[in-house]
Every structure is written in structure tokens, then in C-alpha cells.
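K.L.:
Need coordinates for the below:
(one chain, ligands or ions: 1)
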Amino acid sequence: MPRDITVLHITDPHLLARPGDRLHGWDVAAAFEHVLEHALSTYPAPDAIVLGGDLVDDESSTGYRWLDARLAALNRPVLAIAGNHDDPQAMAAYLSHAVVHDVLTVGGWQLIGLSTHCPGSESGRLGTDQLAGLDAALAARSLPTLVCLHHPPVDVGSAWIDAIGLIDRDALCTTLSRHTQVRGLLCGHVHQRFESRHDSYEIWTTPSTMRQFRPRSPEFAEDDEHSPGYRCLRCRADGTIATRVHRVPRPQADDVSTPAKLPKE
Ligand SMILES: [Fe+2]
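P.N.:
Numbering: from 1, shown residues only. Take a look at the predicted model:
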């Protein structure tokens with residue numbers, strides 16, 4: 001029987017090989033740490049943490065090893081999925097403290113992590129094998145389910161980012177239409193919050209832990225009005241979900257200490 005669980009969705013940190021390295025003007029490790037600290041001070045014992053992709057922007061082994069050391073210190077169940085800025089093979093090799101592209105079962109809920117990483121492309125694709133695996137997993141277990149993937153299977157109203165969305169979204173929707181236990185899809189990629197209601201499930205996207213993209217902008221534009229953030233989901237025993245996005249003000253240059261210690265080779 002499902003029970004009430006709390007899930008934190010933290011996405012698009014775009015980490016780099018070395019703590020302190022900057023991307024688009026952001027100390028990405030410090031920004032990630034700032035959001036993570038806020039999330040865990042607000043929800044000290046989440047039942048699961050979902051990392052929603054674009055985890056290590058330069059796809060470096062040192063970046064993934066730094067992240068894994070950080071996850072080890074959390075001592076919480078973590079589900080990690082790849083974005084377009086990731087290396088799924090490196091994730092599987094180095095993220096030993098996370099479930100990677102698999103099923104995480106907690107409190108009578110199942111969280112299914114899928115890879116939409118499409119080599120050489122910013123768009124996403126699940127592929128027929130992964131869709132067949134999803135179909136089989138949902139047929140095998142009727143637990144209330146969250147499906148976690150990087151690219152949302154819907155347009156968010158920004159032409160530039162909708163052009164690099166999920167290519168096989170129709171096939172995913174067809175698969176999901178056969179299984180009524182799916183309560184929600186949890187996505188990253190768009191660096192902004194977005195919600196969309198479908199037949200029996202909702203689709204949520206979550207702000208990045210670093211820069212935001214301006215909603216409904218036809219071409220690329222950063223959003224300076226909104227801070228980084230994360231999403232909390234309260235998944236209830238009756239199968240319903242309440243969700244809230246928290247915004248976390250961008251850290252000032254010197255008020256966050258970035259953990260610099262890397263695990264040994
Ligand atoms: Fe991203």
C-alpha cells in the first residue's frame with residue numbers, strides 16, 4: 001500500500017569538472033549547493049531526490065565523481081537521469097550513490113527514470129527499446145508512479161526550446177495511455193516552471209539550480225526576474241500529488257563555500 005512520501009526534484013545544475021568553475025557567469029557548483037541546502041533545510045528527510053538531468057555540463061568524470069561524493073553525504077535515495085548535457089555511460093559508471101535510469105521504489109510509489117539523451121543532439125529521444133521497457137514495467141506493477149525524464153513531452157510556448165524537445169513524445173503518450181497508475185511526469189530541460197494537465201497525469205517542469213530561461217520567449221532569452229529553484233512533491237497515500245516550486249535567491253559571490261574536496265582516484 002502506498003503511503004505519503006516527499007520527493008524533491010532538483011534539476012539542470014550544469015556542473016563542471018572543478019568546483020568554482022563558471023558557466024555563463026555562474027559558479028554552478030555553488031549555485032547547486034545553495035539550492036540543495038535550502039531544499040534540505042526545508043525538507044530535512046525527503047523520501048527520494050530526483051536529479052532531472054543536465055547534471056555535468058562538460059560530461060567530465062571529475063564532475064560526476066564530485067556529484068557522487070555529494071550524494072553519498074546526503075544518505076537519501078536518489079534517482080538520476082541524463083539530459084542532453086550529460087554522458088549516460090559516465091553517469092552509470094560514477095554515480096554509485098544514485099539509481100540511474102532505472103526504477104526506484106519508495107513508500108509504495110515507483111519512480112521510473114528514463115534517458116532522453118540523444119547523442120549529438122539537444123533534442124531528446126526515448127527510443128523503441130526504452131518505451132517497450134516502460135510499457136512492461138507499468139504492466140508488471142500497478143503502484144502509483146512518477147515517470148522522470150529530462151525533455152518534457154509537451155511544448156512550453158517558447159519556439160526555440162520547443163524546437164529541441166522530445167522527438168518521440170507521441171509514442172510516449174500512447175504508452176502512458178495504457179496505464180492509469182501514472183500520476184505525473186517530472187521533467188527538466190526548460191529552466192523554468194511549467195505545469196500541464198493530461199488525461200490521468202500531470203506534467204511538471206522545474207527551474208534550474210542556475211540560470212533561468214524567460215517563459216514564452218520565441219527566441220533564447222535569460223530570465224533575470226526569477227531565481228533558481230526546485231520542486232517538492234507530496235505524494236499522498238490516496239495517489240494524489242500536491243506540488244510546490246521553491247525559489248532560492250542567487251548566492252552572492254562570497255557567501256557560499258563550495259565543497260572543494262574531490263574523491264580520490
Ligand atoms: Fe539544462
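
K.L.:
Would you map the helices across this structure?
P.N.:
Remark: helices assigned in the chain by DSSP state H are 28-42, 61-74, 88-94, 128-140, 159-162, 169-176.

K.L.:
quick one: pLDDT of residue 124?
P.N.:
Residue-level confidence at residue 124 comes out at 98, pLDDT.

K.L.:
So which bits of this protein are right by the ion?
P.N.:
The interface of the chain toward the ion, taken as CB under 5 Å from the ion, is made up of 12, 54. Glycine gets a C-beta too; all of them are placed from N, C-alpha and C.

K.L.:
Spatially central, which residue of the chain would that be?
P.N.:
residue 52 (1.2 Å; CA atoms, centre = their mean).

K.L.:
Just say which of the helices of the chain is most tucked in.
P.N.:
Across these, averaging neighbours per residue (mean count of other CB atoms under 10 Å) puts helix 28-42 on top, at a mean of 21.

K.L.:
Which elements pack onto that one?
P.N.:
strand 5-10, helix 61-74, strand 229-235, strand 241-247 (3 or more CB pairs under 8 Å, 6 or more residues apart in numbering; DSSP states H and E).

K.L.:
Need the CA coordinates for the longest one. CSV is fine.
P.N.:
Extracted as CSV, the C-alpha positions of helix 61-74 are listed here (Å, rounded to 0.1, in the frame of the first residue of the first chain):
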residue,chain,number,x,y,z
SER,A,61,34.4,12.1,-14.9
THR,A,62,35.6,14.5,-12.2
GLY,A,63,32.3,16.4,-12.3
TYR,A,64,30.3,13.2,-11.9
ARG,A,65,32.7,12.0,-9.1
TRP,A,66,32.2,15.3,-7.3
LEU,A,67,28.5,14.9,-7.6
ASP,A,68,28.6,11.3,-6.4
ALA,A,69,30.6,12.3,-3.3
ARG,A,70,27.9,15.0,-2.6
LEU,A,71,25.1,12.4,-3.0
ALA,A,72,26.9,10.0,-0.6
ALA,A,73,26.8,12.6,2.1
LEU,A,74,23.1,13.1,1.7
